[in-house]
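[1] Based on what follows, work out the 3D shape:
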Amino acid sequence: MAFPHPQRRKHESGQAAVEAALCMPLVVFMVLGTLQLFMLLQGRILAQVAVYRAVRAGSLNHGSCEAMTHAALVTMLPTVEHTRTPAQLADAFEKRRRNFLRVRGSKGTLFTEGPMVEIVRESPNVGWVRGQGQEDLLFDVPTDDPALLRQRTLEIRMVAWYYMRIPFADWVMSRMFLAQFHLKNYTNANPLNPAQKKSDWWADTDVELGPDDWPGGDLGERMLRWNAQGHYLFPLQVHAAMRMMTPLRASNFNGGAGCSLHGF
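    You can find the predicted model right below:
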C-alpha cells in the first residue's frame, strides 16, 4: 500500500489550517449573530406589547406621560435584567423608574446615558388640548364629528432602545446597521473574512432610520456616539392608537407632544 508523501501531508495540513482560520470568524458570527438576531426580534415583540400597554395607560390616565412611560418600562425590563420573580421585577423597575437604561454590555461596562423608551403623542393636537381649558368638559357628550373623534384618540409612537450584548455579534451587527442607515461607512478589514483587508459596507438604497423629532434628539447621532463609546444600541420603533377612556388634561401637555425623558 502506498502512503502519502510526508511533505505532501504537511502541505495539506497547512492548507487546512489556513482554510479553517479564514472560515472561523464567519462560523462564529453565524452562531453568535443568530443568537443576537433572535434576541433583537424578542425585543421587537416586547416593544410592540410595550407601546400597546403605554397607549392604554395614557387612555386611562388623561394622556399622562408618566403613566405611559412606566407602563412601557415594565414591559421592556426583561431585555435588561432578570425579572422572574416579583421581587426581581420590583427591584429592576426601581432602578429605572426615571427611565435610565442601566445595562451592562458584553465587556461588563455599565451604560446609563440613554433612556429605555421615548414617547411622542401624534394625536391629539397639543393646541387643541390647551384650547379646552384644564380638561375636556364635553368628553362624555356623544358626537359623530370625525375631527372631534380624532382629537379624542390617543396616538403615540415610541422608540425602545435595545442594547445588544452578545460578544463579537454586537460589534459586527452595529457596524452593519450604521452602514445600512448611511450613518457611517465601514472600510476596515472585513471581520468575517480576514483575507479581505478593505471592506465597503454601505447601503446602495436609501433606507430611512425614521423620524428625528424625538425627545432625546436625533436617533442616528446617538447611535454613532454610543457606538464610539463601545455601547451598541438599536432603536426599536413602534406605534399604537386608542380612543381616550378619560378626558384629556392640559397639564399633561405642558411640555408639548413629546414626553419628557426623565422629568417625572
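[2] show me where pLDDT drops low in the protein?
    For the chain, residues meeting the criterion pLDDT under 70 lie at 1-22, 194-195, 200-201, 203-206.
[3] Let's see that with 90 instead.
    Residues of the chain meeting the criterion pLDDT under 90: 1-30, 82, 104-109, 131-151, 176, 179-213, 262-264.
[4] what about the helices in it?
    According to DSSP state H, the chain carries its helices in the segments 6-60, 65-76, 86-96, 126-131, 146-151, 169-180, 219-228.
[5] Compare the ones you listed and report which one is nearest to Asn254.
    helix 126-131 (8.8 Å; CB to CB). C-betas here are computed from N, CA, C, even on glycine.
[6] Can I get the closest one as PDB, trimmed to CA atoms?
    The C-alpha trace of helix 126-131 is given here as PDB (Å, rounded to 0.1, in the frame of the first residue of the first chain):
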ATOM      1  CA  VAL A 126     -51.400  70.000  21.600                       C
ATOM      2  CA  GLY A 127     -53.000  73.300  20.700                       C
ATOM      3  CA  TRP A 128     -56.500  71.700  20.700                       C
ATOM      4  CA  VAL A 129     -56.000  70.200  24.100                       C
ATOM      5  CA  ARG A 130     -54.800  73.500  25.600                       C
ATOM      6  CA  GLY A 131     -57.800  75.300  24.000                       C
END
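[7] just to revisit the earlier point, which of the helices of the chain sits closest to Leu138?
    Counting by CB to CB, Leu138 lies closest to helix 146-151 out of the helices of the chain; the figure is 8.3 Å.
[8] Give the buried residues for the closest one.
    Neighbour counts over helix 146-151 (16 or more other CB atoms under 10 Å) mark Leu148, Gln151 as buried.
[9] Packing partners of that helix?
    The contact analysis (3 or more CB pairs under 8 Å, 6 or more residues apart in numbering; DSSP states H and E) places helix 146-151 against no helix or strand.
[10] How about residues contacting it?
    Here helix 146-151 makes contact (CB atoms under 8 Å, 6 or more residues apart in numbering) with Ser123, Pro124, Asn125, Trp128, Val129, Thr143, Arg243.
[11] Tell me the buried residues within the residues you listed.
    Ser123, Pro124, Trp128, Val129.
[12] can I get the residues you listed in TSV with distance to Leu73?
    Converted to TSV, the buried ones among the contacts of helix 146-151 look like this (distance: CB to CB, whole Å):
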residue	distance to Leu73
Ser123	23
Pro124	23
Trp128	28
Val129	24
